[in-house]
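Enquirer: the amino acid sequence is not available; the structure is as follows:
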């Protein structure tokens, strides 16, 4: 048996394992090598078992229930990938590869408890994997470096404390052409500061970026950061390792190169516009002739909240080449005055308007938000951003007729937008498409490349997080698709439970009230607590719900959950100083959401017989009317039917339920 398993666990130099099926009299037919290794649970070959467990974990495929695999053993285990890696380390505590795999799964501030009681974060797992390696791979060292903040240090196994800069230099000693390390090291240097590389070359920040481009002429970030370090009139000489001669480039040419390899980067459009003189045009790699006005329009179209401070001044204005300080709208009007056929400008202008706002164009035509997006689609029927923003103007059941006679609803617009190559790395399109899909419905999208993909709501949220790892609402919404026991694997290899996703949502947006409420729901006992990753706050259920209300005073579900968990005579003090009892909390729920069925039902349960209560909108209701109102809000509220039955007596034997349109007796 040991020989058969050993043959199945042949490790190739790249670190991958053979995937052929093992056939032997000792094992079930068609078992993978990992499952075979698990059959050795009773043997003393712990290292073989550890490698089999890791091999099985790496071969797991994702399902709608998360990456859970059934392991055919006498114990009948049901394990996630994370649990398999932890089990592998239980078998072999020195198994470096398992430490790496487990580290990849964790978020920067997340920890994991191993079987021997050790609690380790991402940095510690990477550090343990590197321990004792004299010649660690450059990528492995880079992973550790990427977990450190600028002023953070970590102590190596030899007792030496090193920071991010030291580790990046060590990466370059292991692999002198490591492009990401060259770029990251350049960004750490201040003007005039230098570093000495392994081959004794002394380089400043520009030199490191030029070296990065010599190693990889397609690095958009290297072009962008090199351009941002040049002053007007300055040039640099670039030599790619496969080129015969050097190429001299100025700042504008570097931004053009950056856009060639990342055409969705708003910053490159903006700073390219800033580098042009009045009346100057530039030709992009795709052949488009652009003035500074066109470039500003493209930058606004692709702008994200995280980039907003870099694209405009604090007062939401831009200083253009002729010295004028202009608002975003003024810039866009200037574009339309010079070029009425530029579709992106109509989209950018529409995105600046509120729902009911209109704007008068230079031709005296008045348009609202939706009409501007339709005008953009008239100019370019496949404009992904126009399709996306047009969908945003529709209600869930509404439709819109395009100029080419296509009739589309919200979902079909999102799907059509997703077919655009520019939108396939935009987190928003995946997020909003997931919002309009009911239940477990999936959609098939045929991209313009001809590839067809099938996307479920869970897959869409995972794709949103692939595009934007800091998308708080995507973490929160993905969490609510899981049960408390389930886990899901993200595109970057992290495996997260419902609770971990909600903690991550709060980490990226500490004001996400919905995430606090949903996290509170995962705590089953009043004494249960959860540790947040920001400032290491430890909070119980009441703390999470009051924190939600601190960020959103009109969160009906937070009031409801506080009331639901409170004793009849208990009170809770909110962040604004108010001390409310159970009844007051249900009334606050209804003040925020007059259609909250269970709030009417639970409020009625608190009333004595024949008593009444005045609702926030002034209506006065008794117990029976509250149950009827609960059914008006939700005709399938079983609790309300049951409780309403007990309001009937010998005198009042039936009750008229408007939502059902007939009389009901107690039975």
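Expert: Good, I have the coordinates. Treat the numbers as computed from the prediction; the structure is a model and nothing was measured.
Enquirer: longest helix anywhere in this protein?
Expert: Among the segments of the chain that qualify as a helix by DSSP state H, the longest is helix 46-58.
Enquirer: where along the stretch 551-667 of the chain do the strands fall?
Expert: 571-573, 579-581, 612-614, 620-622, 654-657, 662-665 (DSSP state E, counting those that start in this stretch).
Enquirer: tabulate those strands (TSV), appending distance to residue 587, mean pLDDT and mean neighbour count.
Expert: Any C-beta I mention is one placed from the backbone N, CA and C, and that applies to glycine too. Putting the strands of the stretch 551-667 of the chain into TSV (distance: least, Cβ to Cβ, whole Å; pLDDT from 0 to 100; neighbours: other Cβ atoms under 10 Å) gives the following:
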stretch	distance to residue 587	mean pLDDT	mean neighbour count
strand 571-573	14	93	14
strand 579-581	9	94	15
strand 612-614	8	95	13
strand 620-622	11	95	14
strand 654-657	24	90	14
strand 662-665	27	91	10
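Enquirer: surely residue 210 touches residue 238?
Expert: Yes: in this structure residue 210 lies within contact range of residue 238 using Cβ atoms under 8 Å: 6.3 Å.
Enquirer: one step back: any idea how far the longest helix of the chain is from the middle of the chain?
Expert: Between the mean C-alpha location of helix 46-58 and the chain-wide mean there is a distance of 31 Å, by Cα atoms, centre = their mean, to the nearest Å.
Enquirer: what packs against that helix?
Expert: helix 2-8, helix 33-38, helix 81-91, helix 96-105 (3 or more Cβ pairs under 8 Å, 6 or more residues apart in numbering; DSSP states H and E).
Enquirer: show me the shaky parts of the chain.
Expert: 1-45, 48, 56, 58-79, 108-109, 241-246, 304-315, 448-449, 534-536 (pLDDT under 70).
Enquirer: swap in 50 and give it another go.
Expert: 1-31, 33, 40-43, 61-75, 306-314 (pLDDT under 50).
Enquirer: now for the closest residue to residue 223 other than its chain neighbours, how many residues are close by?
Expert: Leaving aside its sequence neighbours, residue 223 sits nearest to residue 258 (Cβ to Cβ, 6 or more residues apart in numbering; 3.9 Å). A total of 27 residues lie near residue 258 under the criterion other Cβ atoms under 10 Å.
Enquirer: what about residue 258, which SS state?
Expert: At residue 258 the chain is in helix, as set by DSSP: H, G, I helix; E, B strand; the rest coil.
Enquirer: hang on, isn't it packed against residue 265?
Expert: Yes: the criterion here is Cβ under 8 Å, and residue 258 meets it with residue 265 at 6.6 Å.
Enquirer: got any residues that touch both of those two?
Expert: 220, 224 (Cβ atoms under 8 Å, 6 or more residues apart in numbering).
Enquirer: helix, strand, or coil at the residue lying closest to residue 322 once chain neighbours are set aside?
Expert: Closest residue in space to residue 322, ignoring its immediate chain neighbours: residue 278 at 4.7 Å, by Cβ to Cβ, 6+ apart. Per three-state DSSP, the secondary structure class of residue 278 is coil.
Enquirer: who's in contact with residue 278?
Expert: Taking Cβ under 8 Å, 6+ apart, we find residue 278 in contact with 292, 321-322.
Enquirer: quick one on the thing from earlier: let's have the strands of the stretch 551-667 of the chain in JSON lines, adding distance to residue 200.
Expert: Written out in JSON lines, the entries for the strands of the stretch 551-667 of the chain read as follows (distance: least, Cβ to Cβ, whole Å):
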{"stretch": "strand 571-573", "distance to residue 200": "66"}
{"stretch": "strand 579-581", "distance to residue 200": "70"}
{"stretch": "strand 612-614", "distance to residue 200": "82"}
{"stretch": "strand 620-622", "distance to residue 200": "84"}
{"stretch": "strand 654-657", "distance to residue 200": "87"}
{"stretch": "strand 662-665", "distance to residue 200": "90"}
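Enquirer: what is the neighbour count of residue 155?
Expert: In terms of burial, residue 155 registers 10 neighbours under the definition other Cβ under 10 Å.
Enquirer: cool, and the one 10 residues further on?
Expert: The number of residues packed around residue 165, counting by other Cβ under 10 Å, is 16.
Enquirer: same deal with residue 599?
Expert: For residue 599, the neighbour count with other Cβ under 10 Å is 29.
Enquirer: same question for residue 118.
Expert: Using other Cβ under 10 Å, residue 118 has 13 neighbouring residues.
Enquirer: for it, give its distance to residue 616.
Expert: Residue 118 sits 53 Å away from residue 616, taking Cβ to Cβ, to the nearest Å as the criterion.
Enquirer: same check, this time on residue 446
Expert: Taking Cβ to Cβ as the measure, residue 446 falls 50 Å from residue 616.
Enquirer: shouldn't residue 400 be within a helix?
Expert: No: under the criterion used here (three-state DSSP), residue 400 is strand, not part of a helix.
Enquirer: list the residues that contact it.
Expert: For residue 400, the contact set (Cβ under 8 Å, 6+ apart) comprises 370, 374, 390, 393-394, 407-409, 413.
Enquirer: now swap in residue 538 and tell me
Expert: Residues near residue 538 by Cβ under 8 Å, 6+ apart: 529-532.
Enquirer: got it, and residue 574?
Expert: By Cβ under 8 Å, 6+ apart, the contact set of residue 574 is 546, 549, 580.
Enquirer: rerun at 10 Å
Expert: By Cβ atoms under 10 Å, 6 or more residues apart in numbering, the contact set of residue 574 is 545-546, 549-550, 553, 558-559, 562, 580, 585, 588.
Enquirer: pick out the most distant pair among those residues.
Expert: 550 and 585 (15.4 Å; Cβ to Cβ).
Enquirer: neighbour count: those two, which is higher?
Expert: Each of residue 550 and residue 585 has its neighbours counted (other Cβ under 10 Å); residue 585 has more, 25 against 16.
Enquirer: count the residues that sit near the closest residue to that one other than its chain neighbours.
Expert: Spatial nearest neighbour of residue 585, excluding adjacent residues (Cβ to Cβ, 6+ apart): residue 563 at 3.5 Å. In terms of burial, residue 563 registers 26 neighbours under the definition other Cβ under 10 Å.
Enquirer: look up how far residue 572 lies from residue 563.
Expert: From residue 563 over to residue 572 the distance is 9 Å, taken as Cβ to Cβ.
Enquirer: name the residues contacting each of the two.
Expert: Common contact partners of residue 563 and residue 572 (Cβ under 10 Å, 6+ apart): 545, 580-582, 584-585.
Enquirer: would JSON lines of those residues with distance to residue 635 be doable?
Expert: Formatted as JSON lines, the entries for the shared contacts of residue 563 and residue 572 read as follows, by distance: Cβ to Cβ, whole Å:
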{"residue": "545", "distance to residue 635": "28"}
{"residue": "580", "distance to residue 635": "30"}
{"residue": "581", "distance to residue 635": "30"}
{"residue": "582", "distance to residue 635": "26"}
{"residue": "584", "distance to residue 635": "28"}
{"residue": "585", "distance to residue 635": "25"}
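Enquirer: what about the helices in the stretch 451-600 of the chain?
Expert: Taking DSSP state H, counting those that start in this stretch as the test, the helices found in the stretch 451-600 of the chain are 457-467, 472-479, 498-508, 513-521, 541-551, 556-565, 582-592, 597-606.
Enquirer: cool, and the stretch 51-200 of the chain?
Expert: With DSSP H, counting those that start in this stretch as the criterion, the stretch 51-200 of the chain has helices at 81-91, 96-105, 122-130, 138-146, 164-174, 179-188.
Enquirer: the stretch 201-350 of the chain now?
Expert: Counting by DSSP H, counting those that start in this stretch, the stretch 201-350 of the chain forms helices over residues 205-215, 220-228, 251-261, 266-275, 292-302, 308-311, 328-338, 343-352, given from the N-terminal end onward.
Enquirer: is it true that residue 283 touches residue 295?
Expert: No: look at residue 283 against residue 295 with Cβ atoms under 10 Å: they stay out of range, at 11.9 Å.
Enquirer: those two: who's more crowded?
Expert: Between residue 283 and residue 295, counting by other Cβ under 10 Å, residue 295 is the more crowded of the two (25 against 10).
Enquirer: could you measure from the closest residue in space to the more buried one that isn't next to it in sequence over to residue 376?
Expert: Closest residue to residue 295 in three dimensions, ignoring its sequence neighbours and counting by Cβ to Cβ, 6+ apart: residue 273, at 3.6 Å. Distance of residue 273 to residue 376, computed by Cβ to Cβ: 20 Å.
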